[in-house]
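>>> My questions concern the predicted model and sequence given below.
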Amino acid sequence: VRPVSFLLAILALCALAGVIPFSAGELSRVIPAELLVVSAADGGVLVQVDSGTAAWGADVPEALETLSRAAPGSLLLSTVDRLVFCGLLPEAEELLDCGLRPAAAVFLSPEPEDPEALRKYLRNVGGVTLGILADAPQTPLPRLIQGQSGLYLDEEWLS
Amino acid sequence: MQPHTPRQQPTYPMPISPEAVEQIFAHADDLERRTLRVGETVLQAYFIDGLTAAGQISDYVFRPLSLLPGQEEETLWQTCLEGGIYNAVAKPCETMDELCGFLVNGFCVVVFPRLRRALAMEAKTGEKRSPAPPEVENTVKGAKDAFTETNRTNTSLVRRHLRSPRLQVRETVVGRKSLTNVSVLSLGGLTDPELVEQVCRRLDEIDVDGFLSPAAVEEYLTGSRPTAFPLLQYTERTDRFCQGLLSGQVGVIVDGLPMGYLLPVDVGLLLSSQEDRSADYITASAVRVLRYLALLAALLLPALYVAMARFHPAMLPTPLLRAIIRSKETVPFSTVFEVMGLLVAFEILQEAGLHLPQPIGHTVSIIGGLVVGTAAVEASLVSPAALIVVSVAGICGFALPGKDFSDAVRVWRFTLFLCAVLAGLYGLTLGLICLTVHLGELTSCGRPYLTPFSSAGSDGVILRRRLFSRKFRPRELRPRDKRNQR
């Protein structure tokens, strides 16, 4: 019993002192993002998530930081599993450093589209992951092409 | 039976006399007395109404005494002792302690005043509860004769299951005031004699007024270690008790308690059920795996949920995370408060169900679990996810065979929950390490609690082996006869 009490006391002290390497949050305020669109805009970077929040920054880290602050709750970028780049190709390492997961699939798009619509369209499609892109930056990425009825994936990639 | 007083000190040091009996049993209105005259010799007979059968005393004590010819008290004593009174059991008493012990155990005692001796003849009443099917440890195929409150009935039940002449039954009396009969059972040539001696020694060392409650038996017998985990095993099933004896465990039966205790124990034994032996080895193994999974779920589920919800939501699959978040949108309480409240409510419901008569207890459980739970979710006081997590953990706790072990898991569920609240998965991991260290420290009669999970002895703990392949008894119990079958 004594070691348990000791452990609980230590943990409580650590939690109070804030030395635990992660912060606690309330689940109802969490906004898990599934798709992130990164596009070039006004000489900087515009980022949008499928939950509807968008933010601008001089570079990707700044834009993502602004996005996190602008979100109505605690935005969870580590749940992003689809990344769409429009008009720019940021460094994969940079994105990984911002907390995006290596398993996120990456696509190229000619222009920014509604992230919610993209999420639904890309739900079951695989792509080159951020991790692969970080290891081999020259890897060709699947492209979204603008057609008459909207965006569709490059047939060459699908085949 | 050879009654003796705890710590071997005489409680009533005076010599045997009718006056001494009257003095000790003053105000005991159920003590019946009868003066008997055999020729010129006057004897005094005593028995306690309710514990003895009056007809039996009349036929097998008073009638033969009245038929004896008049003789000297010394000669009469010798005649009675050597079959003059045709009673199956006739024990001489030399001290008042012995006399009182026999009286309170349903004997009729005849005092020979001049000799300062007495003769105790068994005349126990037949009024006692008959063996009935077990109420807690339900069985489909197993034996239906559960232990009763009577020590002698219980030892006879064991004898009926184990008709070995090598079944040893050592009897002692514990409790200065309660004078509780305790039997220690073991199998000669099989059970480790040191183990039997250790149990008997512990019983002899107990010096308490009353030895009546299960907690008293468990704490005094195991040495009251600072742990929630049981260090001995209880069972109301005679077949399980006998199986334990056959495996090399020592059995303890306490008068007044409708159960038998087995020791030493370990986690493997506490998580095994007698029903495992009623099913084929594949089914039994599958059920055992399920039981271990239930143990993990009962212990960890609320802690894992709160750790993930509070600190690591990204660990949950996104669709599941979205579903949980949606269900929590209208709940005004934090996840910690919600889960804590549900855990406490679950425990209260369980206690309420235990303390009420069985039909009302069931109703309380149903109303509490279903109606209040559903209403709380509909009123957005708790989220369905939290309710499911707590309910699943609670139900998994019921899947564990021993209630004591299940109670220990309930205590540790709260501890691990608090660890997870404070530091997420790090805290939970630390809590688990602490639990493992704690379990590793525990011993039951010198046997490490985690024995079956050591590399040497882990064979057949989780997956039940075929019975014909179990040639040897568990070596951790140090049986004298190691071979179980040929």
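Structure's in. What do you need?
>>> Let me see the ranges of the strands in the chain.
Just going to use chain A. Counting by DSSP state E, residue ranges of the strands within chain A are A:30-32, A:35-41, A:44-49, A:54-57, A:74-76, A:82-86, A:105-109, A:128-129, A:144-147, A:150-153.
>>> ah, no, chain B please
Taking DSSP E as the criterion, chain B carries its strands at B:31-38, B:41-48, B:90-93, B:107-112, B:117-122, B:167-174, B:180-187, B:233-235, B:250-254, B:260-263, B:443-444, B:447-448.
>>> Of all the strands of chain A, which one is nearest B:R166?
Each of the strands of chain A was scored for nearness to B:R166 using C-beta to C-beta, and the closest is strand A:30-32 (66.6 Å). All C-beta atoms are positioned from the backbone trio N, CA, C, and that covers glycine.
>>> partner strands of that closest one, parallel or antiparallel?
Pairing partners of strand A:30-32, with direction, according to DSSP bridges: strand A:74-76 (parallel).
>>> Could you list the low-pLDDT ranges of chain A?
Judged by pLDDT under 70, chain A has its weakly predicted residues at A:1-3, A:124, A:155-159.
>>> Chain B contacts on that one?
With C-beta under 8 Å from any C-beta of the partner chain as the criterion, chain A comes near chain B at residues A:1-4, A:7-8, A:11-12, A:14-15, A:20-28, A:30, A:32, A:34, A:76, A:78-79, A:81.
>>> can you tell me which helix in the chain is longest?
You didn't pick a chain, so chain A it is. Of all the segments of type helix in chain A, defined by DSSP state H, the longest one is helix A:2-17.
>>> ah, no, chain B please
From DSSP H, the single longest helix across chain B is helix B:403-441.
>>> orientation of that one relative to helix A:2-17 in degrees?
Between the axes of helix B:403-441 and helix A:2-17, defined by axes from the mean of the first three to the mean of the last three C-alpha atoms, to 10 degrees, the angle is 80 degrees.
>>> Going by contacts, tell me the helices and strands next to helix B:403-441.
Taking 3 or more C-beta pairs under 8 Å, 6 or more residues apart in numbering or on different chains; DSSP states H and E as contact, the helices and strands that helix B:403-441 lies on are helix A:2-17, helix B:267-270, helix B:281-310, helix B:335-355, helix B:384-398.
>>> one more time with 7 Å
Counting by 3 or more C-beta pairs under 7 Å, 6 or more residues apart in numbering or on different chains; DSSP states H and E, the packing neighbours recorded for helix B:403-441 are helix A:2-17, helix B:281-310, helix B:335-355, helix B:384-398.
>>> what's the least confident stretch among those?
Taking the mean pLDDT of each of the helices and strands packed on helix B:403-441, the lowest value is held by helix A:2-17, a mean of 77.
>>> Run through who's touching that one.
A:I20, B:T415, B:L418, B:C419, B:L422, B:A423, B:G427, B:L430, B:G431, B:C434, B:V437, B:H438 (C-beta atoms under 7 Å, 6 or more residues apart in numbering or on different chains).
>>> In it, which residues are buried?
The neighbour-count check on helix A:2-17 (16 or more other C-beta atoms under 10 Å in any protein chain shown) flags A:V4, A:L7, A:L8, A:L11, A:A12, A:C14, A:A15 as buried.
>>> got it, and stretch B:394-409?
Going by neighbour count (16+ other C-beta under 10 Å), the buried part of stretch B:394-409 is B:394, B:396-397, B:399-402, B:404-409.
>>> From the chain's centroid, how far away is it?
For stretch B:394-409, the distance between its averaged C-alpha position and the chain's averaged C-alpha position is 16 Å (C-alpha atoms, centre = their mean, to the nearest Å).
>>> and if you look at stretch B:55-71?
A distance of 42 Å separates the C-alpha centroid of stretch B:55-71 from that of its chain, computed with C-alpha atoms, centre = their mean.
>>> try stretch A:25-43
How far stretch A:25-43 lies from its chain's middle: 6 Å, per C-alpha atoms, centre = their mean.
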